[in-house]
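Colleague: Based on what follows, work out the 3D shape:
(chains A, B, C and D)
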Amino acid sequence: MQFDSFSDFIAMGGYGFYVWLSFGSCALILIGILLSSLNDTKRILSSVQQQVDREARIKQAKLEQQV
Amino acid sequence: MIRQHSYWQLFSAVCKKDLQLAFRQRAEIVNPLLFFLIVITLFPLAIGPEPGLLARIAPGIIWVAALLSTMLGLDKLFRDDYHDGSLEQLIASSYPLPLTVLAKVVAHWIITGLPLVLMTPLFALLLNLDTNALIATVLTLLLGTPLLSFIGAIGAGLTVGLQKGGILMSLLVLPLYIPVLIFATSAIETSTMSLDYSGQLAILGAMLVVAILSAPIAISSALKVSVS
Amino acid sequence: MQLAGPNGAGKTSLLRIIAGFSVPDEGDVLWQGKSIIKNYDEFARELLFIGHKTGVNSQLTALENVQFWLQIQGYNDTQDLYALLAKIGLVGLEDVPVRMLSAGQQRRVALLRLWLNSAKLWVLDEPFTALDKAGVAFLQQRFITHLEQGGAILLTTHQDLTTHFNDLQTVTLEYRH
Amino acid sequence: MWKWLHPYAKADRAYQLCNTLLPYFAVITVVCMIVGWVWGLAYAPADYQQKDSYRIIFIHVPSAILSMGAYSSMAIAAIVALVWQLRNAELAVIAIAPVGACVTAIALITGAAWGKPMWGAWWVWDARLTSELILLFLYLGVLSLYHAFEDKKAAGRAASILAIVGVINLPIIHFSVEWWNTLHQGASITKFNTNAIDPSMFWPLMLNIVAFAAFVGTVTLMRLKNEILQREKHRPWVRQLLNRG
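Modeller: Down below sits the predicted model:
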C-alpha cells in the first residue's frame, strides 16, 4: 500500500480530483454501455413476444369474422 | 363527441409529436451536434493550435458553426408534414395556424438549439475559452438559437413546396441571421475584456420577443402559399 | 355529390379550392352564404378534407396518428380506439409504424378520420384508391350513415356509385386545353 | 479451419458460440479489472515526476490502445463480411462500433483530466489527442450510417465499407496530424518515457490492458447476440428462446 491513510488515498497527493474524475467517468461509461446492451436484449425479446401476441390476436380476429 | 378547444392541448400535441419523432430517430438530434463538433475541430487544424489565437477567434467559430448546424435541421422542419399531407390537415384544423407553427418551432429549438447550448462548455474547452467568455457564449446562445429557429422557419416555410429548396433556403436565411451573429459575437468579445455586455444581450432579447410575436404569423402565411 | 371527369380535368384543383387551400382566380366559394376565404376558421370547423396526401405520418403508429388527430381537432379521446381500429380491419397493427403497412392499410388509417369527426362537409379526393372490395363496401356504409345524419359529401372517384346512393349528383368536368 | 468455422455462419450456432464464450470473457474482465484498478490506484509506486496524477495512465493507455484495437478488429470483421459475404461478420462490425466509441471517449476524457494538471489546460491540440478525436468521429460515422438505413442488410454493407475506408485513412490521418503538430509547435510533448517504465508499474498496466480488452470482448459478444436476435426475430429458434427464459 502506497498510502498511509484512507484520506491520503482519496487525496492522491493533491491530484485526487483529476484521478477520481478519470476513474469515475471511465467507470460510468463502462457501466453505461454494459447496461444499455443488457437493456437492448430485454427490448428485443419483448418485441418478439409482442409480435407473437399480435399474430395470435390477428388469428383470433379472423376466426371471429368467420363465425 | 365532445369538442373542447384548448390552445394548450394543441400546442402540446404538436410539440409532443415532433419531439417523439425526433427521439425515435436520434440521428436528427445527434447529427447536427456532431457536425458542430467537427466544424470546430477543423479550425485549429486549419489555422494552428496556439491557445491565445484560438481563444480570440473562438466566439466567431462557435457562432458560425451554430448557424450552419441549425441550418441542417431546418430543411426537415416542415418537409415531412408537407409531403404526407399533415400540413393541409393542420391548416384545415379549427385552431389558428400560428399557434401550431409556434409549437413546431419550439420543438425544433428543443431538438437542435438546446443541445448546442448544453454542449457549449465542451466546445469552450476545445477552443481554450475562459470562464467569463464561456458564460457570455452560453447566454448569447440561449437567446440567439431560438431566434435562429424562428428566422429559419420562415425560410423553411417559404421553400418547403419547392423540389430542391435546401440550398435556396440557406441563401434566403443566412443574410437574415447576420444581426444575430453581430450582436452575439460582440457580446462575447466584450466579455473577454471584462466589460459589461448586458446591452447586446438586451438587443438579442428584444429581437427574440419580436420574433416570437411576429414570426409565427409570417411562417403561417408562408406555409399557406406553399400548400396552395 | 360526385365530381367526375377524365384525368387532368381539374378535379383535384377544384377540391383544393373548395377546401380553401388554393384561392380561385375568379369567383368565390360560399359556405352557408358566407365566403370561406373571409370566414375560414368557421368553415374549417365544419370541414373534413382527405386528399391524395393522406396526412398520415409514416413514422408514427396508427394509434399515435389517431390520437394526434383527435388532439389537434380538439376532441377528448375518450372512446375505445382499439375497437375502432379493429372495426376498420387493423387488428394487431395498432402499434406498428404506418410505413410498415400496405398501401390499402395506410389508406384505412387515413380514412379512420371519418369515424372521429363531427364535421358536416366531407371533401374526399379518391377515397377508394388502394382499398379492397370489403373496404370499399365498408366505406360506402359509412357514407350512407353520414348522409342520413344530414351531412354532405363531395368526392372524386372513378367508381360507379349510383347503385348505392339514390340522390347522387354528378358534376362532370371536361378537359379543355 | 474453414470446416470448423463454417457451421458458425448459421445464426443460431453463432448465438450459441457467443453464449459459451461470454462467461469466460466476463470473468476475466471482472477479475483483471478489480485487481488492476486496486493495484494501480493503491499499490503501484508514485511516479517521481508526475506524482500520483500518473495513475490515470492505468486507464488512459489501455483505453487508447483498445480504441485502436477495436477499430482494427472492426475493420477486419468488415473485410471478412465483404469478401466472404458473411452476414454475422457484418453484425460484428455493428456490435464493436459502439464499444469502440465508448473506449475512445474514455481515452479522450482521461487524456483531458491528465492534461489539466500536467499542461495546465484541459485540452491541448496535441497530435495524439487530435487523432483520437478524429477516431471518435470515424466510429460515430459508422454508427450513424448504419442507423440511417432503413434496410439493415444494406446498412451492414455500407457500414463495413466505411469501416474499411476509415482503417485505410487512419494512418494517413495520424501522420498528417503529427506533421501538422510539429509544424506548429515544435516537438510534441511526450507523456511517458516508455523504455524507462518500471516493472512495478508495468505489470498493473498490462493487467489493465487485458481487463479492457476482455471488457471490449464481453460487451461486443453481448451486442453481437442482440444483433443476431434482432435480425432473426421472425425465426422459430428465437421464439423458442422466449419459452425457455
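
Colleague: residues contacting the residue nearest to the spatial centre of chain B?
Modeller: By CA atoms, centre = their mean, the mean C-alpha position of chain B lies nearest to residue B:149, the distance being 3.3 Å. Residue B:149 is in contact with B:70, B:74, B:105, B:108-109, B:112-113, counting by CB atoms under 8 Å, 6 or more residues apart in numbering or on different chains. Every C-beta, even on glycine, is put in place using the N, C-alpha and C of the backbone.

Colleague: Now it: closest residue in space that isn't a chain neighbour?
Modeller: What sits nearest to residue B:149 in space, not counting adjacent residues and going by CB to CB, 6 or more residues apart in numbering or on different chains, is residue B:109, at 4.4 Å.

Colleague: C-alpha coordinates for stretch D:221-235, CSV please?
Modeller: Coordinates of each C-alpha in stretch D:221-235 appear next as CSV, following Å, rounded to 0.1, in the frame of the first residue of the first chain:
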residue,chain,number,x,y,z
LEU,D,221,-20.3,-10.5,-27.6
MET,D,222,-23.4,-9.2,-25.8
ARG,D,223,-24.2,-6.8,-28.6
LEU,D,224,-23.5,-9.4,-31.2
LYS,D,225,-26.1,-11.6,-29.6
ASN,D,226,-28.5,-8.7,-29.7
GLU,D,227,-27.9,-8.1,-33.3
ILE,D,228,-28.3,-11.7,-34.2
LEU,D,229,-31.6,-11.8,-32.2
GLN,D,230,-32.8,-8.6,-33.9
ARG,D,231,-32.1,-9.9,-37.4
GLU,D,232,-33.5,-13.4,-36.7
LYS,D,233,-36.6,-12.1,-34.9
HIS,D,234,-39.0,-14.0,-37.0
ARG,D,235,-37.2,-17.3,-36.9
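
Colleague: what about the one residue in chain B that gets nearest to chain D, how many residues close to it?
Modeller: In chain B, no residue comes nearer to chain D than residue B:49, which is 3.2 Å away by CB to the nearest CB. Residue B:49 has 20 neighbours, counted by other CB atoms under 10 Å in any protein chain shown.

Colleague: That one falls within a strand, correct?
Modeller: No. Read with DSSP: H, G, I helix; E, B strand; the rest coil, residue B:49 is coil and lies in no strand.

Colleague: Could you check the pLDDT of it?
Modeller: pLDDT for residue B:49: 78.

Colleague: which of the contacts of residue B:149 has the most neighbours?
Modeller: So for the contacts of residue B:149 (other CB under 10 Å), the most neighbours sit at residue B:112, 29 neighbours.

Colleague: Quick check: that one touching residue B:69?
Modeller: Yes. Between residue B:112 and residue B:69 there is a contact under CB atoms under 8 Å: 7.2 Å.

Colleague: Find the residues that touch each one of those two.
Modeller: Once CB under 8 Å, 6+ apart is applied, the residues that residue B:112 and residue B:69 both contact turn out to be residue B:32.

Colleague: for chain C, which helix is longest?
Modeller: The longest helix of chain C (DSSP state H) is helix C:133-148.

Colleague: That one - contacts with which helices or strands?
Modeller: helix C:103-111, strand C:152-156 (3 or more CB pairs under 8 Å, 6 or more residues apart in numbering or on different chains; DSSP states H and E).

Colleague: Kindly point out the strands partnered with the shortest one and how each is oriented relative to it.
Modeller: With DSSP bridges as the test, strand C:152-156 is paired with strand C:2-4 (parallel), strand C:121-125 (parallel).

Colleague: quick one: low-confidence parts of chain D?
Modeller: Scanning chain D for pLDDT under 70 picks out D:1-9, D:47-50, D:182-197, D:244-245.

Colleague: remind me which residues of chain A are low pLDDT?
Modeller: A:1, A:67.

Colleague: who in it is up against chain C?
Modeller: A:50, A:54-55, A:57-58, A:61 (CB under 8 Å from any CB of the partner chain).

Colleague: Need the per-residue pLDDT for the residue of chain C found nearest chain B.
Modeller: Chain B sits closest to residue C:53 of chain C, with a gap of 2.9 Å, by CB to the nearest CB. Looking at residue C:53, its pLDDT stands at 79.

Colleague: residue contacts, the closest residue to it other than its chain neighbours?
Modeller: In space, and not counting its chain neighbours, residue C:53 is closest to residue B:85: 2.9 Å by CB to CB, 6+ apart. Applying CB under 8 Å, 6+ apart to residue B:85 gives the contacts C:51-56.

Colleague: and the gap between residue B:85 and residue D:112?
Modeller: Look at residue B:85 and residue D:112: by CB to CB, to the nearest Å, they are 49 Å apart.

Colleague: And residue B:221, by the same measure?
Modeller: Applying CB to CB to residue B:221 and residue D:112 gives a distance of 49 Å.

Colleague: who's more crowded, the two?
Modeller: residue D:112 (22 against 15).

Colleague: Which helix or strand lies directly C-terminal to the helix or strand containing that one?
Modeller: In the assignment (DSSP states H and E), residue D:112 maps to helix D:87-119. Per DSSP H and E, the first helix or strand lying C-terminal to helix D:87-119 is helix D:127-148.

Colleague: In terms of secondary structure, what does whichever helix or strand comes after that following helix contact?
Modeller: Note on helix D:127-148: by DSSP H and E, the next helix or strand toward the C-terminus is helix D:152-185. For helix D:152-185, the packing partners by 3+ CB pairs under 8 Å, 6+ apart come out as helix D:57-83, helix D:87-119, helix D:127-148.

Colleague: gap between helix D:152-185 and the chain center?
Modeller: Centroid separation for helix D:152-185 versus its chain: 15 Å, with CA atoms, centre = their mean, to the nearest Å.

Colleague: Return the set of buried residues in that helix.
Modeller: D:152, D:155-160, D:162-164, D:166-167, D:170, D:173-174, D:177-178, D:180-181, D:184-185 (16 or more other CB atoms under 10 Å in any protein chain shown).

Colleague: Same question for stretch D:71-85.
Modeller: D:71, D:73-82.

Colleague: if we look at it, which residues are touching it?
Modeller: For stretch D:71-85, contacts defined as CB under 8 Å, 6+ apart pick out D:86-87, D:89-90, D:92-93, D:96-97, D:100, D:135, D:138-139, D:142, D:156-157, D:159-161, D:163-164, D:166-167, D:170.

Colleague: 6 Å - rerun?
Modeller: D:86, D:89-90, D:92-93, D:96, D:100, D:160, D:163-164, D:167 (CB atoms under 6 Å, 6 or more residues apart in numbering or on different chains).

Colleague: of all those residues, which comes closest to residue B:45?
Modeller: Taking CB to CB as the measure, residue B:45 sits nearest to residue D:167 out of these, at 20.8 Å.

Colleague: could you measure the closest one against residue D:161, distance?
Modeller: 11 Å.
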